[in-house]
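*Asks:* Give me a 3D structure for the following:
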Amino acid sequence: MTPGAFALFVDAWVLAVGACVGSFLNVVIARVPKGRSIVAPPSSCPRCGKRIAWYDNIPVLSWLLLRARCRSCGLPISARYPLVEVLAALLVFAVWKQLGLQGSTLGFAAFVCALLALTFIDLDTWLLPHQLTWPLLALGLISPLWNAELSWMEAGVGALAGFGVFAAIALFGEKVLHKETMGWGDVWLLAAIGAWLGWPALLPVVLLSAIQGSVVGIALLLLGRGPAEKERAERERLAQEMAAAQPASPPATEPGATAATELGATAATEPGATAATEPVSTESAAQLDTDDDWVPPPHALPYGPFLALAALETLLAHDAIVKLFYAVFGKLAA
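*Replies:* Model prediction:
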């Protein structure tokens, strides 16, 4: 085999491995937010629950051969699955082409795949689960073991600085503004990015994420397609449906009396029964005892995907970004 043919074979193998990792990431994206195991049970159709055979689980290829439908029930399979597989393959391949055969290649391949999984989880749930961000931070802190270009000092200071900057923003919003200005998942993610890339990378990551997030946010706002608005509309729709399903309240027995029938606020009719002292709204009733009652602020966007994108850009295009920053700040200072 000629050197050129061998190089093509290795590139194809890296792409195939990346696609297989992307197939596993689909499992992570679907199960981790729900607290389910990523090991068992085996992959199954999310519609009919039928176990997926190995020949129907080949990354990208099976989706194309099945024409994006489940072999068992015939219902559509989301294009999200091959998209994640293709993106994982391209990111792993980009790391391979940039770093080549060295100790840090495998580590950074895992890093970019974790960022990809966190991106789609945040887009789906507005959450960055600690089950992923904390191990990512821990691995970043020990990454100088295989990344000779990163010192222990840079990794440690990067993690502390990344956590401190966003934690200060989050606490300021909670304690002073009494609203959420920064999610704690974003805080831990930036700490992990700082650990993996070192403290010098934090400034370009924060600036790039803020700029790109603003551009996308403005575009979605102009188009009226902001994810926060969609989430709020969906919550309002569900609340209205649950309100319509509530039984009718009995008439009040005295002038000015209110029927306390919402959410168990009925009068005590049996020994030991107690009446609720304050009526609860139907919307609150629909959301009581759930962990899903948080609604994104108007015009909000999940910030995790932009942090992940900026980290990928800083990792894969570091020299170009540094030159761009120097050029921009040079013109501003002139």
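*Asks:* Which parts of this protein are helices?
*Replies:* With DSSP state H applied, the chain shows helices at 3-31, 61-65, 80-99, 103-125, 130-141, 152-172, 184-197, 202-223, 227-245, 282-287, 304-316, 318-333, listed in chain order.
*Asks:* Name the stretch among the ones you listed that sits most buried.
*Replies:* The highest mean neighbour count among the helices of the chain belongs to helix 184-197 (a mean of 26), with neighbours defined as mean count of other C-beta atoms under 10 Å. For glycine as for every other residue, the C-beta is placed from the backbone atoms N, C-alpha and C.
*Asks:* quick check: angle from it to helix 318-333?
*Replies:* Compare the direction of helix 184-197 with that of helix 318-333 by axes from the mean of the first three to the mean of the last three C-alpha atoms, to 10 degrees and you get 110 degrees.
*Asks:* For helix 184-197, what does the pLDDT average out to?
*Replies:* When pLDDT is averaged over helix 184-197, the result is 95.
*Asks:* swap in stretch 147-164?
*Replies:* Here the mean pLDDT over stretch 147-164 is 94, rounded to a whole number.
*Asks:* Run through who's touching that stretch.
*Replies:* Stretch 147-164 has contacts (C-beta atoms under 8 Å, 6 or more residues apart in numbering) with 103-104, 107-108, 137, 140-141, 143-144, 187-188, 190-202.
*Asks:* Surely P129 and G185 touch.
*Replies:* Yes. Contact status for P129 versus G185: in contact at 7.3 Å, counting by C-beta atoms under 8 Å.
*Asks:* Look up phi and psi at V39.
*Replies:* Phi and psi for V39, reported as degrees, to the nearest 10, are phi -100, psi -50.
*Asks:* and it, how far is that from I52?
*Replies:* In this structure, V39 lies at 15 Å from I52, with C-beta to C-beta, to the nearest Å as the measure.
*Asks:* out of the two, which sits in the more crowded spot?
*Replies:* Set side by side, V39 and I52 give different neighbour counts by other C-beta atoms under 10 Å, the larger being at I52 (16 against 8).
*Asks:* how close does the more buried one get to P42?
*Replies:* Distance from I52 to P42, by C-beta to C-beta: 7 Å.
*Asks:* lowest-pLDDT helix or strand in the chain?
*Replies:* Among the secondary structure pieces of the chain, namely its helices and strands, helix 282-287 has the lowest mean (mean pLDDT, DSSP states H and E), a mean of 39.
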